[in-house]
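Novice: Turn this into a model:
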Amino acid sequence: MGVNVIEDELNLAVLAVAITCFLVCVISIGILKKALTYPKRKSSCYLNAESKPQQAFKHVLADNSYSQFKHLKIRKPEDPENLDNYSNLHPYREAISKLIKTPNSEFFEFLVDSEEVVLDVVSSYTWVDTQDQLIKLVEELENERVIAVDTEQHSLRSFLGFTALIQISTKRKDYLVDTIALHDEIGILRSVFADPGICKVFHGADNDILWLQRDFHIYIVSLFDTAKACDVLSKPQRSLAYLLETYCNVTKNKSLQREDWRQRPLPLEMLEYAQMDTHYLLYIARCLCMELKQCYIGNQSPGDEFQFLLEASQRSNGSCMQLFLKDFEAFPGDIAASSMISRAMNGQGNISSSLCDNKFQERVRRLCLWRDIMARIHDESLRFVLSDTAIISLAPIVPSTETDISTAISKAESDDSMTSTPAQSVSPVVLSHLDDLLCLLQGDIVNLDHVFKCCLRQRLSPVGSCPISAYNRAFLSTSSLRLGLTSRSTSIPNGFRSSKIVAKKNSRELFAQKFSCKSPVYHNCKIYANDGRLLCYCDRRKLEWYLNRNLARLVEDDPPAIMLLFEPKGRPEDEDNVFYIQSKKNICVACGEGKHYLRYRIIPSCYRMHFPEHLKSHRSHDIVLLCVDCHEIAHAAAEKYKRHIAAEYGIPLFIQKVAQLDDERGISGSSFSVDPKEVGVSPLQLRTAAMALLRHGPQMPSVRREELLKIIMAYYGGREVQVVDIERAMIVGMSPHERRKFEKKRGSAFKDLLPLIQKGVDLKESIVKSTAVDDPTVDTHSSYSDKCDDMGTFITDTAGLAKQPSLLGHGPHGKKMVMHLLEEYGEDGIREFCQRWRQVFVESLRPRFLPAGWDVMHSGKREFGDFSVYNPTVKASTTM
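Specialist: Sure thing, here's the model as predicted:
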């Protein structure tokens, strides 16, 4: 018996050992298979060993995420609670507008009459790199009337770029402010730059204005740009090097501008270069001001001695209205990929157009997407991560090893003589993540969103390989939103593709193809007034209109710009309409989609068409671009709010019925009666019901057929309807062109209507109630014009028939609503009404890409010239 027990124990031990060995083998095979199947992931990113100056920044205003840049908000007591969440306005717009209207002439007198600056050789300067030094500098600058300013940027090793140095000069001292060491404290300078009593002298300030906003929320108020002064004086050149050589006999080494301004300490020659940018600038400004003052000779009108100086000042301060905005695409890397593919297919690259098949194009899109994500994560420029030439060289091949990728990139960079990359042909970003590129080029990836998710998960998750910084931290919370807006596939995780989802996608794409804008809406061409101030941005057609009539001359070619040869009435900044002097992007203002977009009218047309002419003419503030999906959301919100407006003011959206008293022998002598208190049937609802009954009436369930018949009967006042009534209901609300097109398409199905159409009878509203004589609500002897005038817009057919009220959309409701607002509240009521609609728009979409200067509280004020047809006075006199 003891022997049996021992044998059982031995058997159990052998069995346990066998099971253990089996499990070890299975686990080992799984690990080996995974190691062979998937590329080995790099254990560390190059940034873990390489230190970049911007990694030490604790607070970054413009990160590399896809969220919109947030400008400094200076709230006022009268502002609505939620205004600052949606408007993208200049925080100092009122102060700048005041300077544009009435420039500070005291500054010019101070600069011109002051003693001449001694042009000594550049010697000492003050290096500012501590907070105490910065505070002391601010105290000294607050006592100055005028200062000279310049900045130095670094862009190669940063996605958006950052300010590496600020140079400031007074008449006595030069300061070099280390914005890398003081990045988080530079905001201390904000009060000096926003002080209208201190004039800031720049040369070519357009970029500096945007860079200071981007990095430090510093906004310039009171500016004198020597480049703008050169424009007024029609100088042969406007570069700072030209001015230094002309006025100061100093030669400038331009190549130092492209040096790496991040390095510390800066070499002596770079320090001298930076100091020179502002040291002589005040003297140059003084010389230019004296020349501008001399320009008034020949125009001896009293008080005009500062005319040209003021013009230069207005141009300078006008550029201060600019606002920094991030550039966005519908999908990361999409624009770059499309450009590369287009060049390659046209034979402009180092690749034969015959190789540009669908696989090549797909690989280009993958590589551009990967490059965009990696550049944002590592805060590197696109050209530093991977050049366009390298992408074009990689796309046609299918590398088998990581070495093949490095070799292809090195060869492409060496062959490209125009490359701007550093001496190291393969960037450390690529070397650290060659496994990513190998998967992209070898794998069969259907959904690019998967690439986006994988990159973020592998690089920025808690176990990711790349360090988290102020520039990429936002991806941890906002990437899901971005992906939701740009999903490109309808694939289900198990591989099954729902037919309904596919049908909806195809329908959406067909709609976008048919109705979206076929060309860019915004050409960003400029129109300048004859004094050089920017009036607005416009399209090419408007530019050509002025040029063809010899009303303007071309002053810039790319993009085109014209200067008017006459004095226009008013300026946008004078009327607080700075929206019109901002460039605009051809993207959806809500989600950033750039492949397709439609115009969307924030103020519905049924109201706006009845606004006074001077409140709607040449007003594009409330016309924005939306993609199909966002357009649908905004339209649904607008329709809902229309119903709210109708209930609030007691003005129904639709006319319920129109009665015709004529028999079948005569239709043209119609008289109509409308009860505005009834809810009504919309033309679309009426036509849909009629179409369904004519097509499928006999096959319908009786309950559904009765529902549709009730809609038709409600329109005819409740009487029984015949087939001809249903046929007539089909064309309610159609224009003559739509009716002809519809008749041609339907053919003999509506032959009963053809004789009436051929006679020229306007059947748009000829669906009537034949028993109107029995309806006490119908006034059979009332004047037609009296009835129509209260309820809506009217049309007159070409045959000279009587006017009939339009049932198109909500036209009658819109007209009555606008008339009520004008009678009760005047034009202020219209402006408040528009503000309500803008609020509805922003609450429904939460738009992130509205143009700079767009404002819920936009006044819409506009002045017209004495002879403009839009001038209310002129229009009133012509109608008398």
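Novice: Help me confirm that V840 comes into contact with A637.
Specialist: Yes: V840 is in contact with A637 according to CB atoms under 8 Å; the separation is 5.9 Å. (Each C-beta comes from the backbone N, C-alpha and C, glycine too.)
Novice: more crowded one of the two?
Specialist: Set V840 next to A637 and count neighbours by other CB atoms under 10 Å: V840 wins out with 18 against 15.
Novice: which residues does G594 contact?
Specialist: F328, E329, A330, D334, I335, K585, N586, I587, C588 (CB atoms under 8 Å, 6 or more residues apart in numbering).
Novice: The first one reaches N586, doesn't it?
Specialist: What that stands for is F328. No: if you go by CB under 8 Å, F328 and N586 don't touch, sitting 11.4 Å apart.
Novice: Mind checking which of those two has more residues around it?
Specialist: Set F328 next to N586 and count neighbours by other CB under 10 Å: F328 wins out with 20 against 14.
Novice: Helix, strand or coil: sort out the more buried one for me.
Specialist: Classification of F328 by DSSP: H, G, I helix; E, B strand; the rest coil places it in coil.
Novice: who touches it in this structure?
Specialist: Y66, K585, I587, G592, G594, F849.
Novice: for I623, same thing?
Specialist: Taking CB under 8 Å, 6+ apart as the test, what I623 contacts is R599, Y600, R601, I602.
Novice: just to revisit the earlier point, please identify which of the contacts of G594 is nearest to K136.
Specialist: Each of these was scored against K136 by CB to CB, and F328 proved nearest at 40.8 Å.
Novice: pLDDT at that closest one, what is it?
Specialist: Reported pLDDT at F328 in the predicted model: 75.
Novice: likewise R371?
Specialist: 93.
Novice: go on, I655?
Specialist: Model confidence at I655 (pLDDT) stands at 58.
Novice: thought A375 was touching L160?
Specialist: No: with contacts counted by CB under 8 Å, A375 stays clear of L160, the gap being 10.0 Å.
Novice: anything in contact with each of the two?
Specialist: N64.
Novice: between the contacts of F328, which is nearest S339?
Specialist: G594 (12.8 Å).
Novice: Mind checking what secondary structure the closest one has?
Specialist: Per three-state DSSP, G594 ends up coil.
Novice: F452 now?
Specialist: helix.
Novice: shaky segments in the stretch 601-750 of the chain?
Specialist: 618, 655-680, 733-735, 737, 743-750 (pLDDT under 70).
Novice: now the stretch 401-550 of the chain
Specialist: Those would be 415-424, 444-448, 461-463, 478-506, if you go by pLDDT under 70 across the stretch 401-550 of the chain.
Novice: the strands in it, which residues?
Specialist: 525-528, 534-538 (DSSP state E, counting those that start in this stretch).
Novice: Mean neighbour count and distance to S255 added to those, as TSV?
Specialist: TSV is the format used below for the strands of the stretch 401-550 of the chain (neighbours: other CB atoms under 10 Å; distance: least, CB to CB, whole Å):
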stretch	mean neighbour count	distance to S255
strand 525-528	20	31
strand 534-538	21	33
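Novice: Could you save those as a markdown table and add columns showing distance to Q294?
Specialist: Below are the strands of the stretch 401-550 of the chain laid out as a markdown table (distance: least, CB to CB, whole Å):
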| stretch | distance to Q294 |
| --- | --- |
| strand 525-528 | 24 |
| strand 534-538 | 26 |
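Novice: Out of these, flag the one nearest E707.
Specialist: Across the strands of the stretch 401-550 of the chain, closest to E707 is strand 534-538 (CB to CB), at 50.8 Å.
Novice: Name the strands paired with that closest one and say parallel or antiparallel.
Specialist: Partners of strand 534-538 in the sheet, by DSSP bridges, are strand 525-528 (antiparallel).
Novice: roughly how far is the strand it pairs with from the heart of the chain?
Specialist: Put simply, strand 525-528 sits 19 Å off its chain's centre (CA atoms, centre = their mean, to the nearest Å).
Novice: Can you show me the CA trace of it as CSV?
Specialist: Taking Å, rounded to 0.1, in the frame of the first residue of the first chain, the C-alpha atoms of strand 525-528 are listed here in CSV:
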residue,chain,number,x,y,z
CYS,A,525,-6.1,90.5,-52.0
LYS,A,526,-5.6,93.9,-50.4
ILE,A,527,-7.2,97.3,-51.1
TYR,A,528,-5.3,100.3,-49.8
